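K.L.:
what shape does this take:
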Amino acid sequence: MNTKMRLLAVPALALGTLALTSTPALAHGEDSWSNQATLGTMNNSGTTGQAMVDVHGMEATVTLNVAGAAETFMDGPFPHAQHIHIAAQGTCPGPEADTDGDGVVNTTEGHPFYGHIGTSLTTTGDTSADSALAVERFPGGSSYTYERTLELTPETAASLKDGSAVVVVHGVDPTRMPAAASAKMSDLDPSLPAAATLPAACGTLVASQMGAMPDGAADTGVEAATAADSAGMTIAAAGVGLAALVLGGTAVAGRRARS
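P.N.:
From the prediction side, this is the model:
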């Protein structure tokens, strides 16, 4: 191989390697994102919290920090059923959703706002809507931290992506409920008191900036490059280097031919 061909071969190989390594970096993250929610009190429960959902493909890590929840139920920790609700308005209902006039918004009355159950946030086992009232597999007590990595259904993933997914935590201290409501049985399971399944906290899962690059850099008077622009600039720089090497090689070869 003569000098000119060797000079051409090295940058060409480097440019090929750059192109191969740049493509996955640009493609990475297309199916990964994060949602977060602030859980506001419902039904005078005093329950509040924060929720974070980190999605990677069809898998998600869900973290909840809950405080101010009902503490005990029948001499044990009060179980708090919790779910990601989907495929509705993506909002938490206000007092106007109390259609039967008992002073609280029960789960059924909230469905037009936050939708049906997409994922049950159980501590172990099944996470489908079939586990909606698996009270033995939900956290309990007045405050708790929950974290679990689980598989999403396509419907839950779609609602998370379009911003219509809502976290609802259930279970309200009956002493904080109006007498008419606390005397009732659950609208979901007549073997349970209404307090056990009444929504206690609710929050819409919106796109999160936590753990991600900020939307914009500090204003320095210079326009920031996008990832695609940066990759293009890097490849362009490699092309400039290639041209310089080719021109340099040609000049060297010319000098050698004249000498």
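
K.L.:
Val172 in helix, strand or coil?
P.N.:
Classification of Val172 using DSSP: H, G, I helix; E, B strand; the rest coil returns coil.

K.L.:
where along the stretch 151-259 of the chain do the strands fall?
P.N.:
Assignment of strands within the stretch 151-259 of the chain using DSSP state E, counting those that start in this stretch yields the ranges 166-170, 199-204, 206-207.

K.L.:
between those, which gets nearest to His85?
P.N.:
With C-beta to C-beta, the closest approach to His85 among the strands of the stretch 151-259 of the chain belongs to strand 166-170: 4.6 Å. From N, CA and C alone the C-beta is placed, and that goes for glycine too.

K.L.:
for the closest one, packing partners?
P.N.:
strand 32-41, strand 59-67, strand 82-86, helix 107-114, strand 199-204 (3 or more C-beta pairs under 8 Å, 6 or more residues apart in numbering; DSSP states H and E).

K.L.:
domains in the protein, by residue range?
P.N.:
What the record gives for the chain is the domain set 3-29+225-258, 32-207, from automatic domain parsing.

K.L.:
okay, now the unreliable bits of the protein?
P.N.:
Within the chain, the stretches falling below the threshold (pLDDT under 70) are 1-30, 209-259.

K.L.:
just the helices in it please.
P.N.:
Per DSSP state H, the chain carries helices over the ranges 3-27, 107-114, 154-162, 179-182, 194-197, 227-258.

K.L.:
would you mark the buried spots in the second one?
P.N.:
Pointing back at helix 107-114 there. Using 16 or more other C-beta atoms under 10 Å as the test for burial, helix 107-114 gives 107, 109-110, 113-114.

K.L.:
then the fifth one?
P.N.:
Neighbour-count burial for helix 194-197, with 16+ other C-beta under 10 Å as criterion, is recorded at 194-197.

K.L.:
in CSV, could you pull the C-alpha coordinates for it?
P.N.:
Extracted in CSV, the C-alpha atoms of helix 194-197 (Å, rounded to 0.1, in the frame of the first residue of the first chain):
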residue,chain,number,x,y,z
ALA,A,194,-66.3,2.3,52.8
ALA,A,195,-63.3,3.7,54.7
ALA,A,196,-61.1,0.9,53.4
THR,A,197,-61.4,1.7,49.7
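
K.L.:
can you name the residues in contact with it?
P.N.:
Contact partners of helix 194-197, identified using C-beta atoms under 8 Å, 6 or more residues apart in numbering, comprise 70, 73, 79, 81, 104, 106-107, 133, 135, 170-174, 177, 181-182, 184-189.

K.L.:
residue contacts, Pro77?
P.N.:
The contact partners of Pro77, by C-beta under 8 Å, 6+ apart, come to 71, 140-141.

K.L.:
can you tell me how far it is from Gln50?
P.N.:
Counting by C-beta to C-beta, to the nearest Å, the gap between Pro77 and Gln50 amounts to 21 Å.

K.L.:
again, but for Pro154
P.N.:
Pro154 sits 26 Å away from Gln50, taking C-beta to C-beta as the criterion.

K.L.:
more neighbours: which of those two?
P.N.:
Each of Pro154 and Gln50 had its neighbours counted (other C-beta atoms under 10 Å), and the higher figure belongs to Gln50 (16 against 9).

K.L.:
distance check, the more buried one against Ser208.
P.N.:
The span separating Gln50 from Ser208 equals 11 Å under the rule C-beta to C-beta.

K.L.:
circling back to that earlier point, can you select the buried ones among the contacts of Pro77 for me in ChimeraX?
P.N.:
In ChimeraX, selecting the buried portion of these, with burial taken from 16+ other C-beta under 10 Å, looks like this:
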select :140,141
